[in-house]
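1. what follows is a predicted protein model with its sequence.
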Amino acid sequence: MKTTCYLSTELSCELQGAEFGDKRLNKRLGKIVDAVSTRPSEGLPDAVGSTAALEGLYRFLRNEKVEHDKILTPHFEQTTQRCIEAKNVLIISDTSIFCFAVDPKNPKTKREGLGPITRDKQGFFSHFALAVSQAEAMPLGVLGLETFVRTGKKGKRSCKEAQTDPSRESCKWLRVAEGVDKRIAGKANAIHLADREADFYEFLNYFVDNNQKCIVRVQYNRRLHPDEEVRLMNEKLQSLDSVYEREVPLSPRKVTRLKENSSSHPARGYRLANLSFSACPVELICSKHLQGKCNDSLKLNLVHVQELNCSENNEPIDWKLLTTEAIETTEQIVQIVDNYRKRWTIEEYFKALKSGCLYEERQLESLDTLLNALAIFIPVAWKLLLMRSLAKTKPDESACLVLTKIQIEIMKACSKRKLPEINTVKDALYAVAGMGGHIRNNGTPGWQVLGRGYQRLLMYEVGWLAAMERCDLS
C-alpha cells in the first residue's frame with residue numbers, strides 16, 4: 001500500500017473541500033491547518049504567527065457557520081478512499097475523555113458547555129472510529145466521530161428503562177458504526193473492533209442483521225439458547241480445549257487518571273505472558289425487554305484467550321471475544337486475536353492528540369470552539385501517528401517515506417544526531433526526536449519530543465527555503 005502520496009502533501013489538502021457556505025471561511029481553514037500542522041505542540045498564538053492571523057483563527061472557531069462535522073467531512077472522504085485502496089481494514093472504535101483545568105474557587109474559569117470531570121477539571125467525551133490497515137495496522141485516518149457531555153446528574157431508573165433508553169450513551173457505538181459502514185458501503189473488507197463497553201445485545205445484533213463483521217470483547221456472562229448444553233457462556237468455556245499457545249510480551253501500563261477506569265485497567269509491569277487460545281460457536285438469547293426489537297437469538301463465534309501460569313502479583317490476561325469471523329481453523333482463530341490486539345492503535349492515536357498536539361492545553365472558552373479545534377487537530381494527530389507507525393513497521397525503508405529531500409538535507413546539516421549517507425525511516429525519526437531533546441539511551445521517542453523535533457525541523461525548513469529563494473533572485 002502506498003503511503004508517500006499522503007505523507008508528502010500539506011494537511012490543508014486533507015481538509016480541502018470543507019463547505020461552510022462562505023468562500024472566506026473555506027480559505028481560512030486551509031491557512032489554519034497548514035499553520036497548526038507545522039507547529040502542533042505550540043499554543044495557538046505561536047502556531048499561527050501573528051496577531052491578525054490569531055484573531056482570524058478565533059473568529060473562525062466562533063463562527064456559527066463553522067461546525068466540527070463540516071470541517072471533518074473531507075477527512076472522512078479521504079480516509080474512505082484510503083480504506084478502499086487498502087482493501088482489508090480494521091475499524092477501531094473507542095471513547096476518549098478530554099479534560100480542561102478549572103479553578104473551583106473561581107467561576108469565571110469554567111468553560112461554556114463543558115461538563116464536570118473531577119473537582120478541578122471540566123471536559124467532554126468523544127467517540128472515535130479509527131481506520132487502520134489489517135496487515136500492518138497502518139493508520140488510515142478517522143472515519144467517525146460523536147461527542148457528548150455528561151451533566152454529572154444521574155436519575156433513578158430501572159435496568160429495563162436504562163437499557164431501552166434511545167438517548168443512552170452506549171448508542172454511540174451503533175450510530176458511529178452505522179455511519180462508517182455507510183461511508184465504506186462494501187467497497188472495502190472492514191472488521192469493527194470494540195472493547196468491553198460495546199458488549200450489548202443491540203450492537204451485536206446490528207452486525208448479524210446487516211451482514212457486517214465485528215470482534216467485540218465480552219464483559220457479561222451471557223445466557224445461551226436453551227438448545228445449548230449449558231446455560232451460561234462461561235460454563236461453556238470451561239469445557240473447551242486449547243488449540244494454540246503463544247508467548248506474548250505485555251507492555252507496562254500506568255493507572256488511569258480516572259478512578260472509574262482503574263479497576264478494569266489496573267497498572268502492570270512488563271512481562272512475557274504465555275497465552276492459550278480456544279474457540280467455539282455460541283447462540284446468545286435475547287433479553288425480554290428487547291424482544292420484538294432484535295433477533296430472538298444470535299449465532300456468533302466465541303474466542304477465549306487466557307494466560308497460563310500467571311504469578312499471583314499480576315492480573316492474568318483473560319479475553320473473551322465475540323465475533324462474526326470464522327473459527328474453523330487454528331489460523332483463523334489466531335487471526336481474530338491478532339486483529340483484536342491491533343485495537344491498541346487507537347490508544348496511540350489519543351496520545352498523539354493529547355501529547356503530540358497538546359489539545360488539552362488549548363485555552364478556548366466554549367465547547368463549540370473546542371470541538372472545532374478538535375476537528376482541525378484530528379488529521380494532524382493522524383499524520384503524526386502515521387509517521388511513527390512507519391518507523392516501526394518499515395524501519396529499514398528509505399527516509400524519503402517520512403521526510404522530503406530538502407528536510408533530509410536540513411537534518412544532515414543541522415541535526416546533532418547526524419543522518420548516515422544511506423538513511424532509513426528509523427534513522428530519520430530518531431534524528432527528528434533528537435532535535436526535540438530525545439536521548440537515544442531513553443528508548444523509543446515519545447510524543448512530546450517527536451512533536452518538538454518535528455516543529456523545529458519545519459521551522460528550519462521555512463528559513464532554508466527562504467534562503468534558497470533569495471539565492472535564486474540574486
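-> It's in. In this text, all values refer to a predicted model and were calculated from it rather than measured experimentally.
2. number of residues surrounding Asp22?
-> Neighbouring residues of Asp22 were enumerated by other C-beta atoms under 10 Å; the total is 12. C-betas here are computed from N, CA, C, even on glycine.
3. measure the nearest residue to it once chain neighbours are set aside to Thr147 for me?
-> Of all residues beyond its chain neighbours, the one nearest Asp22 is Lys65 (6.0 Å), with distances taken as C-beta to C-beta, 6 or more residues apart in numbering. Lys65 is 19 Å from Thr147, where distance means C-beta to C-beta, to the nearest Å.
4. repeat for Ile439
-> Applying C-beta to C-beta to Ile439 and Thr147 gives a distance of 38 Å.
5. the more surrounded of these two?
-> Of the pair Ile439 and Thr147, Thr147 is the one with more neighbours under other C-beta under 10 Å, namely 19 against 11.
6. just say helix, strand or coil for the most centrally placed residue in the chain.
-> The residue at the geometric middle of the chain, judged as the C-alpha nearest the mean C-alpha position with C-alpha atoms, centre = their mean, is Ile346 (3.0 Å). On the three-state scheme (DSSP: H, G, I helix; E, B strand; the rest coil), Ile346 is labelled helix.
7. with Phe377 instead?
-> When states are read from three-state DSSP, the local structure at Phe377 comes out as helix.
8. nearest spatial neighbour of it, skipping sequence neighbours?
-> For Phe377, the closest residue by C-beta to C-beta, 6+ apart turns out to be Cys357, at 4.7 Å.
9. what is the burial count for the one you found?
-> Using other C-beta under 10 Å as the criterion, Cys357 is surrounded by 26 other residues.
10. can I assume it is in contact with Lys383?
-> No. Between Cys357 and Lys383 no contact is recorded; they are 10.3 Å apart, counting by C-beta atoms under 8 Å.
11. ok, back up a step: need the contact list for the residue nearest to the centre of the chain.
-> With contact set as C-beta atoms under 8 Å, 6 or more residues apart in numbering, Ile346 has these partners: Ile92, Ser93, Asp94, Phe128, Leu130.
12. out of those, which sit inside strands?
-> Counting by DSSP state E, the members of those that fall within strands are Ile92, Ser93, Asp94, Phe128, Leu130.
13. can you flag the buried ones in those?
-> Buried subset of the ones in strands among the contacts of Ile346 (neighbour count, 16 or more other C-beta atoms under 10 Å): Ile92, Ser93, Asp94, Phe128, Leu130.
14. from those, pick the one nearest Gly434.
-> Minimum distance to Gly434 across these is 28.7 Å, recorded for Leu130 (C-beta to C-beta).
15. my guess is the closest one meets Thr345, correct?
-> Yes. Applying C-beta under 8 Å, one finds Leu130 in contact with Thr345, separated by 6.7 Å.
16. between those two, which contacts overlap?
-> Shared contacts of Leu130 and Thr345 (C-beta under 8 Å, 6+ apart): Ile92, Pro139.
17. how about the host helix or strand of Ile333: buried residues?
-> Taking DSSP states H and E as the criterion, Ile333 maps to helix 330-341. Going by neighbour count (16+ other C-beta under 10 Å), the buried part of helix 330-341 is Ile333, Val334, Gln335, Ile336, Val337, Asn339, Tyr340.
18. okay, those in CSV with pLDDT next?
-> What follows is those, written out as CSV (pLDDT from 0 to 100):
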residue, pLDDT
Ile333, 97
Val334, 96
Gln335, 97
Ile336, 97
Val337, 96
Asn339, 97
Tyr340, 96
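19. if we can go back for a sec, which other helices and strands contact the helix holding Ile333?
-> strand 189-194, strand 213-217, strand 244-250, strand 271-285, strand 297-308, strand 318-323 (3 or more C-beta pairs under 8 Å, 6 or more residues apart in numbering; DSSP states H and E).
20. could you check the angle the fifth one makes with strand 244-250?
-> Angular relation of strand 297-308 and strand 244-250 on a 0 to 180 degree scale: 70 degrees, by axes from the mean of the first three to the mean of the last three C-alpha atoms, to 10 degrees.
21. what are the buried residues along strand 297-308?
-> Within strand 297-308, judged by 16+ other C-beta under 10 Å, the buried ones are Ser297, Leu298, Leu300, Asn301, Leu302, Val303, His304, Val305, Gln306, Glu307.
22. do stretch 385-404 as well
-> Of the residues in stretch 385-404, those with enough neighbours to count as buried (16+ other C-beta under 10 Å) are 385-391, 394, 397-403.
23. run through the stretch 51-200 of the chain and note the low-pLDDT ranges.
-> Along the stretch 51-200 of the chain, segments meeting pLDDT under 70 span 51-54, 57-58, 152-164, 166.
24. show me the strands in it, by range?
-> For the stretch 51-200 of the chain, applying DSSP state E, counting those that start in this stretch gives strands covering 88-101, 115-118, 121-133, 139-148, 189-194.
25. buried residues in the longest one, which are they?
-> Think strand 88-101. Buried positions in strand 88-101, judged by neighbour count with 16+ other C-beta under 10 Å: Val89, Leu90, Ile91, Ile92, Ser93, Asp94, Thr95, Ser96, Ile97, Phe98, Cys99, Phe100.
26. ok, now which ones touch the last one?
-> Translated: Phe100. Applying C-beta under 8 Å, 6+ apart to Phe100 gives the contacts Arg111, Leu114, Lys121, Gln122, Gly123, Glu360, Leu370.
27. let's see 7 Å
-> For Phe100, the contacting residues are Arg111, Leu114, Lys121, Gln122, Gly123, Glu360, taking C-beta atoms under 7 Å, 6 or more residues apart in numbering as the criterion.
28. count of neighbours near the second one?
-> Leu114 is surrounded by 21 other residues when neighbours are defined as other C-beta under 10 Å.
29. now swap in the fourth one and tell me
-> Taking other C-beta under 10 Å as the neighbour definition, Gln122 ends up with a count of 21.
30. got a list of what the closest residue to it other than its chain neighbours touches?
-> Distances taken as C-beta to C-beta, 6+ apart place Leu114 nearest to Gln122, at 3.8 Å, with adjacent residues excluded. Residues touching Leu114, when contacts are defined by C-beta under 7 Å, 6+ apart, comprise Phe100, Gln122, Gly123, Phe124, Val149, Leu367.
31. any chance of the residues you listed in TSV, with distance to Ala177 too?
-> Rendered in TSV, the data for the contacts of Leu114 read as follows (distance: C-beta to C-beta, whole Å):
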residue	distance to Ala177
Phe100	29
Gln122	29
Gly123	24
Phe124	21
Val149	22
Leu367	24
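32. hmm, Thr323 and Asn301 touching each other?
-> Yes. Taking contact to mean C-beta atoms under 7 Å, the distance of 5.2 Å between Asn301 and Thr323 places them in contact.
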